[in-house]
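Chemist: Sequence and predicted structure, then a few things I'm wondering about:
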Amino acid sequence: MNSTVDVALRAFFALIALFTITRIQGKKQLAQMTFFEYIVGITIGDITAFIATDIEGNLLHGYASLLVFAVIPFLVDFLSLKSKTIRDLFEGKGTVLIRKGKILEKNMKKEHFSTDELLEQLRLKDAFRVADVEFAVLEANGELSVMKKKESQPPSASDLGLTVKPEHDSQTVIMDGNILLEPLAEAGLNLRWLRDELEKAGVALDNVFLGQVDSAGELYLDVYDDKIEMPAATEQKLTLASLRKCQADLELFALETTDSQTKKLYGKASQKLEQSIKQLSPYLK
């Protein structure tokens, strides 16, 4: 019985030590683990298991070795910031697998990367044809970075000649039926506006699981009762339709009038409004 309690206590304190080390090392260890970090992680896990289960083992020796393997990564990270040579040694470098649409077979053999693995990684990056890939690099953490050819990339706002305003974070203003005042204030809104929007949607506050306001000021609501169909936002679409109607009216006025000055004035106003509609369309659809 005493040995069982001893193992349980050892396991408990070993788990706390392991959790503490993991938290101190930070999220990078989870997202961008290098070969060195992988080896250190496995070793720390083995040492922790030894501390927890080996009753005859010396606890001091176990925690001393655990401390060494916990400190070494910090030392390596510090030296890596100071020296590119050390950084390349411990973290490795990216290897180019595709350049200008051409697969580099020598580099693939060097990294023991098969054709099937390459095609799989490309598919995960939405590149289903090698011919669409301009550049692909196998990063030090094993991820494949892919840049498609220009003609295979989706058009951006700059390609279409559109001026796009910067996006802002969506603010969660309702959570579990409770109004969050701070995010509501950050969005530049108040309780009266929120209650009016809930009234328009015909939803009680208690029935709202989540409510978010986007950068355009639209309120998205997710309710507990999934059978309730939430109405789609129509204000922006109505605004766009009104602008198009105004532009069409200006063109009609220009055609109907016989006065050359007035015709020119209506024509200019119609062209300016058309340009404004093109710029606003991405936000009002």
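Modeler: Looks like it came in fine. All figures in this text were calculated on a predicted structure; none of them were measured in a lab.

Chemist: Does residue 263 touch residue 257 like I think?
Modeler: Yes - under the criterion of CB atoms under 8 Å, residue 263 makes contact with residue 257 at 5.2 Å. C-beta coordinates here come from the backbone N, C-alpha and C atoms, glycine included.

Chemist: quick one: least confident helix or strand in this protein?
Modeler: helix 28-31 (a mean of 53; mean pLDDT, DSSP states H and E).

Chemist: What are the boundaries of the strands in the stretch 51-200 of the chain?
Modeler: 95-99, 102-103, 133-138, 144-148, 171-175, 178-179 (DSSP state E, counting those that start in this stretch).

Chemist: For the ones you listed, give me CSV that also has mean neighbour count.
Modeler: Output for the strands of the stretch 51-200 of the chain, formatted as CSV (neighbours: other CB atoms under 10 Å):
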stretch, mean neighbour count
strand 95-99, 18
strand 102-103, 12
strand 133-138, 20
strand 144-148, 17
strand 171-175, 20
strand 178-179, 14
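
Chemist: Figure out which of those is closest to residue 221.
Modeler: Checking the strands of the stretch 51-200 of the chain against residue 221 by CB to CB gives strand 171-175 as the closest, at 7.6 Å.

Chemist: Need the CA coordinates for stretch 184-191. CSV is fine.
Modeler: Extracted C-alpha coordinates of stretch 184-191, given in CSV (Å, rounded to 0.1, in the frame of the first residue of the first chain):
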residue,chain,number,x,y,z
LEU,A,184,-19.4,46.5,-26.9
ALA,A,185,-17.6,49.7,-26.0
GLU,A,186,-14.6,48.8,-28.1
ALA,A,187,-16.8,48.4,-31.1
GLY,A,188,-18.2,51.9,-30.5
LEU,A,189,-21.7,50.7,-29.7
ASN,A,190,-24.0,50.8,-26.7
LEU,A,191,-26.6,48.8,-24.9
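
Chemist: Give me the below-cutoff pLDDT ranges for the stretch 101-250 of the chain.
Modeler: 156-168, 216, 227-238, 240-241 (pLDDT under 70).

Chemist: Which residue ranges of the protein form helices?
Modeler: 2-25, 28-31, 35-53, 59-82, 84-91, 105-110, 115-124, 181-186, 191-201, 235-256, 260-284 (DSSP state H).

Chemist: Quick check: which of those is buried the most?
Modeler: Among the helices of the chain, helix 35-53 has the highest mean neighbour count (mean count of other CB atoms under 10 Å), at a mean of 16.

Chemist: what mean pLDDT does that helix have?
Modeler: Regarding helix 35-53, the rounded mean pLDDT is 75.
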